[in-house]
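**Q** sharing a model that was predicted from the sequence below.
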Amino acid sequence: MTKQTAPYAARFSQQIAGGAPCFPFWKGRVALYAILKALGIAPGDEVVVPGYTCVMNINPVKYCGACPIYVDIDPKTYNVDPGRVEAAITPRTRVIIAQHTYGIPCDMDVLLAIGKKHGVPVIEDCCLALGSTYKGRLCGTMGVAAYWSFQWSKTVTTGIGGMAAVNDPVLAEKVRVLCAQAKNPSLRTTTLLDLQRLAHRFLLYPKTAAFATALFRWLTAKGVVIGSSSSQEFNPVEALDFFMGMSVGQARAGLRGLSFLEKNRDHRQELLKLYEDELKGKEALLPQPPVGGAPVYVRYPVRVKDKQFILKEAVSRRMEIGSWFESPLHPHETPLSPYNYTLGQCPEAERAAREVVNLPLHPRVTRTEAERSVRFIAEHLAGE
């Protein structure tokens, strides 16, 4: 973290993590890696993770030499099923990662109780849950540490970017040391990301989302732009080059996004009510947060009977409908075997990957566009 970035990180801490020590990084997965390293996670250790996640959340576990232990999800919340977590714990378990999927808070009381019973710390994955609360507590303030992503699709974006918050003072000091060792992104890299943020601000809207996403992926593959992920990250040796701090431009963009956060949340709640009203009577196909959970959804998940048809038709109709998660370890091209995942291991997660699409909630979605998308989805719900 540079001296120029530090003041912005301090302000992030106050607004995101409830005042806990906060450390900015180039990406959310870099923040997780720093937390795991600070905890001393090493070869032979096991880390309990949900079997419905992004593979880039698993890479930091692998980079530490540890083994991910996948636990199936509760199909109503899309979060790790607390009833299965305890059975997954062994003498080698060192961490439980509680991913607040889509912004839906995990049942943290149960997970924290399991962690305390076995002496295993809980890390909160808040990448999709900025502003979500559980029984009045802000997500990210309950575990020993937490991390956020500010990638393009998140509630607040810095283009790419991440933050670690640490609620234990001893661990916080260890993360602080690691953060100081992180490389600074090059001028070329930061300039290119600045330009991409500018393009994102002016060019990406629901009617252009499919084309823009396809173009972005093509440009990323060609190395023309900075992608959210890289095939190099599948290689732990090469990928450790990713251990970089947040740039000043990223921090400023994040603070700018936070300045509109209340308006952003209000817009999301308005569209959420629209979606729930349009899909009334279909609750079995909709997410059901745990008791005391108050999500700020990053996107709204719905189960459909033919996911591929929905996605293809949405492109032709110029509607923004997302496909998180395409695989138990999103994206669909992830090679599962190197990540210790075997098909059939988490059947509820695999079923969700086949059935779930998601509706947009971000500020650029108008009410008219939201109505059009949800009414189309309502015609093709699972079991209909």
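**A** All right, it came through fine.
**Q** which residues in the protein form helices?
**A** 6-16, 28-38, 55-63, 82-88, 108-118, 169-181, 187-203, 209-221, 236-239, 248-259, 261-278, 307-316, 347-355, 367-378 (DSSP state H).
**Q** okay, how far is it across stretch 226-244, tip to tip?
**A** For stretch 226-244, the first-to-last residue distance is 14 Å (CA to CA, to the nearest Å).
**Q** mind putting the helices of the chain into TSV with distance to Ala98, mean pLDDT and mean neighbour count?
**A** For glycine as for every other residue, the C-beta is placed from the backbone atoms N, C-alpha and C. What follows is the helices of the chain, written out as TSV (distance: least, CB to CB, whole Å; pLDDT from 0 to 100; neighbours: other CB atoms under 10 Å):
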stretch	distance to Ala98	mean pLDDT	mean neighbour count
helix 6-16	17	69	17
helix 28-38	12	97	26
helix 55-63	12	94	23
helix 82-88	9	95	17
helix 108-118	5	98	17
helix 169-181	16	95	15
helix 187-203	30	86	14
helix 209-221	29	74	15
helix 236-239	24	56	14
helix 248-259	23	90	19
helix 261-278	22	96	16
helix 307-316	27	94	15
helix 347-355	15	97	19
helix 367-378	29	96	17
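**Q** kindly reformat those as JSON lines containing distance to Arg299.
**A** Shown next, in JSON lines, are those (distance: least, CB to CB, whole Å):
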{"stretch": "helix 6-16", "distance to Arg299": "19"}
{"stretch": "helix 28-38", "distance to Arg299": "16"}
{"stretch": "helix 55-63", "distance to Arg299": "17"}
{"stretch": "helix 82-88", "distance to Arg299": "23"}
{"stretch": "helix 108-118", "distance to Arg299": "22"}
{"stretch": "helix 169-181", "distance to Arg299": "29"}
{"stretch": "helix 187-203", "distance to Arg299": "17"}
{"stretch": "helix 209-221", "distance to Arg299": "12"}
{"stretch": "helix 236-239", "distance to Arg299": "27"}
{"stretch": "helix 248-259", "distance to Arg299": "17"}
{"stretch": "helix 261-278", "distance to Arg299": "10"}
{"stretch": "helix 307-316", "distance to Arg299": "13"}
{"stretch": "helix 347-355", "distance to Arg299": "14"}
{"stretch": "helix 367-378", "distance to Arg299": "11"}
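**Q** and of those helices, who's closest to Val49?
**A** Val49 sits nearest to helix 55-63 of all the helices of the chain, at 6.5 Å, using CB to CB.
**Q** so that closest one versus helix 28-38, what angle?
**A** 30 degrees (axes from the mean of the first three to the mean of the last three CA atoms, to 10 degrees).
**Q** quick revisit: out of the helices of the chain, nearest to Leu285?
**A** Nearest of the helices of the chain (CB to CB): helix 347-355, 8.6 Å.
**Q** which residues touch the residue nearest in space to the middle of the chain?
**A** Nearest to the mean C-alpha position of the chain, counting by CA atoms, centre = their mean, stands Cys127 at 3.3 Å. By CB atoms under 8 Å, 6 or more residues apart in numbering, the contact set of Cys127 is Gly28, Asn57, Gln99, Tyr147, Trp148, Ser149, Gln151, Lys154.
**Q** now, the most widely separated pair of those residues?
**A** Farthest pair in these, by CB to CB: Gln99 and Gln151, 14.9 Å.
**Q** and these two? which has more neighbours close in?
**A** Taking neighbours as other CB atoms under 10 Å, Gln99 and Gln151 compare with Gln99 leading, 24 against 20.
**Q** is it true that the more buried one touches Asn79?
**A** Yes. Look at Gln99 against Asn79 with CB atoms under 8 Å: they come within range, at 6.5 Å.
**Q** who touches both of those two?
**A** Listed as contacting both Gln99 and Asn79 by CB under 8 Å, 6+ apart are Pro50, Cys106.
**Q** Leu342: neighbour count?
**A** Quick fix: residue 342 is Thr, not Leu. Thr342 has 10 nearby residues by other CB under 10 Å.
**Q** how about the closest residue to it other than its chain neighbours, phi and psi?
**A** Once flanking residues are discounted, Thr342 sits nearest to Leu336: 7.1 Å by CB to CB, 6 or more residues apart in numbering. Phi and psi for Leu336, reported as degrees, to the nearest 10, are phi -70, psi -40.
**Q** residues touching Arg354, list them.
**A** Here Arg354 is in contact with Lys307 (CB under 8 Å, 6+ apart).
**Q** gap between it and Asp72?
**A** Using CB to CB, to the nearest Å, one obtains 14 Å as the distance from Arg354 to Asp72.
**Q** hmm, who's touching the lengthiest strand in the chain?
**A** In the chain, assigned by DSSP state E, the strand with the most residues is strand 93-99. For strand 93-99, the external contacting residues (CB under 8 Å, 6+ apart) are 32, 36, 39-41, 45-50, 53, 57, 66, 69, 79-80, 85, 106, 108, 111, 114-115, 118, 120-125, 127-128, 143.
**Q** redo that, cut-off 7 Å
**A** For strand 93-99, contacts defined as CB atoms under 7 Å, 6 or more residues apart in numbering pick out 36, 39, 41, 45-50, 53, 79-80, 85, 106, 108, 111, 115, 118, 120-125, 143.
**Q** got a quick PyMOL command for the buried subset of those?
**A** For the buried members of the contacts of strand 93-99, the matching PyMOL selection, counting by 16 or more other CB atoms under 10 Å, is:
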select buried, resi 36+39+41+45+46+47+48+49+50+53+79+80+85+106+108+111+115+120+121+122+123+124+125+143
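**Q** strands - which of the contacts of strand 93-99 land there?
**A** Those of these lying in strands (DSSP E): Glu46, Val47, Val48, Val49, Pro50, Thr53, Val122, Ile123, Glu124, Asp125.
**Q** sorry, back to before: my read is that the residue nearest to Thr342 contacts His330, right?
**A** No. Counting by CB atoms under 7 Å, Leu336 stays clear of His330, with 11.4 Å between them.
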